[in-house]
Structures are given as C-alpha cells and as structure tokens.
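Novice: Here's a sequence, model it:
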Amino acid sequence: MNTDYGAPERKYLAPETALKVTDGSGVEGYASLFGVKDQGGDVVQSGAYAASLKRLAAKGAKVKMLWQHDPAQPIGIWDEVREDAIGLWVKGRLLTEVEKGREAAALLAAGAIDGLSIGYRTLKAERDGKGQRLLSELELWEVSLVTFPMLSEARVQAKSDDDDDRHWRDLAAILTDARQQLAER
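Specialist: Residues are numbered from 1 along each chain as shown. Presented below is the predicted three-dimensional model:
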C-alpha cells in the first residue's frame, strides 16, 4: 500500500450528467465517480475523500474552484462538496464579476467546454494486479472546469428545464457502465 505523500495529481471527469449550469452561474454535479476506471488506469474508491473533506471543514477551508487547474485563475466558489454513493458531488457558483468566471459561464453555455477535473495528492493507493491503481485516500485541493477530461463519462452540460428527464437517463447509463466495469474485474 502506498502511503507516501506524492506529487500533485489531477483526475478529469466528464459524465454527460456531471454538471448542471443554472441561471448562468450556478453549477452542480459530480467531480469524481467511485469505482470507474479512468484513462490513466486509476479507480477512486468510495470514501477516498472523506478524511480530506473533514480536515478542510475543521480548518474552515474550502475546496477551490479553478479554471483549467491554474491556481492563478479562481473562477468561483464551491459552496458544497460531499461524497455520496456515486462519487464526489459539488455545488457552487461561477463568479461572473471576475473575467475568467464570465468566460467560463459563456463557454459552458455554448458547450465549448464540458469537463470537470480534480486536483489532489494521493495519500493511500494500491495496485490490484490488473494494472489499475485503486485510490483509497486522497487529499483534495481543487475542482476545475476543464477542456479535456480524463474520465470520459464526466461532462459538463448547460441545463434547461426540459433536460431533467435526459439527466436521469444519462445518470442511469453511467451507473450501468460502472457496474459493468466492476463486473469485468
């Protein structure tokens, strides 16, 4: 089991149902899905973020919302970051008073960008013998809006009122695919 504090890493997620954009600046959705292998062969395990989120809360700190992982370009605020049975769920708002926040809102609305990515450091991981790295504890630093996601199932999408049915159908498809991947192990 790897317990060393390695270099910063990024994990991109892009499920078609991942992020809803409301009122031009409100955003919410999944930044990470549990049990789904990404393009780098990593699988985030359920509970991987729990200790990190608890440490942040104890310090009164928040996960940062960045543009393309650039620490010099915060674009909003994540008001809520939590784990559930599916993955890491985030809810926040783009700051349209900031130039990059306005640009991000416009690009999301136009569909020019559609990915989410987490910035983190691996605290505990192990190899499963199938070439996959199982990530069991991560120190979460930030969740970014990005152009190219690592996990192809996670995509940002602008939302309108008639997207609700499609949202739930897409989420069901993602969960079915995740179950299939787990069964193939």
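
Novice: Point out the other helices and strands that the helix or strand hosting Glu103 packs with.
Specialist: Glu103 is located in helix 99-110, with elements delineated by DSSP states H and E. If you count contacts as 3 or more CB pairs under 8 Å, 6 or more residues apart in numbering; DSSP states H and E, helix 99-110 packs onto strand 19-22, strand 70-83, strand 87-94, strand 156-158. Backbone N, C-alpha and C define where each C-beta goes, glycine included.

Novice: export those strands to CSV and tack on mean neighbour count?
Specialist: Listed next are the helices and strands packed on helix 99-110 as CSV, based on neighbours: other CB atoms under 10 Å:
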stretch, mean neighbour count
strand 19-22, 20
strand 70-83, 16
strand 87-94, 22
strand 156-158, 22
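
Novice: so which of these gets nearest Leu135?
Specialist: strand 87-94 (11.6 Å; CB to CB).

Novice: Okay, strands next: where are they in the protein?
Specialist: 8-13, 19-22, 26-33, 42-44, 64-67, 70-83, 87-94, 115-127, 133-146, 156-158 (DSSP state E).

Novice: Distance to Leu56 added to those, as CSV?
Specialist: Formatted as CSV, those follow (distance: least, CB to CB, whole Å):
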stretch, distance to Leu56
strand 8-13, 16
strand 19-22, 21
strand 26-33, 14
strand 42-44, 17
strand 64-67, 10
strand 70-83, 8
strand 87-94, 13
strand 115-127, 12
strand 133-146, 8
strand 156-158, 23
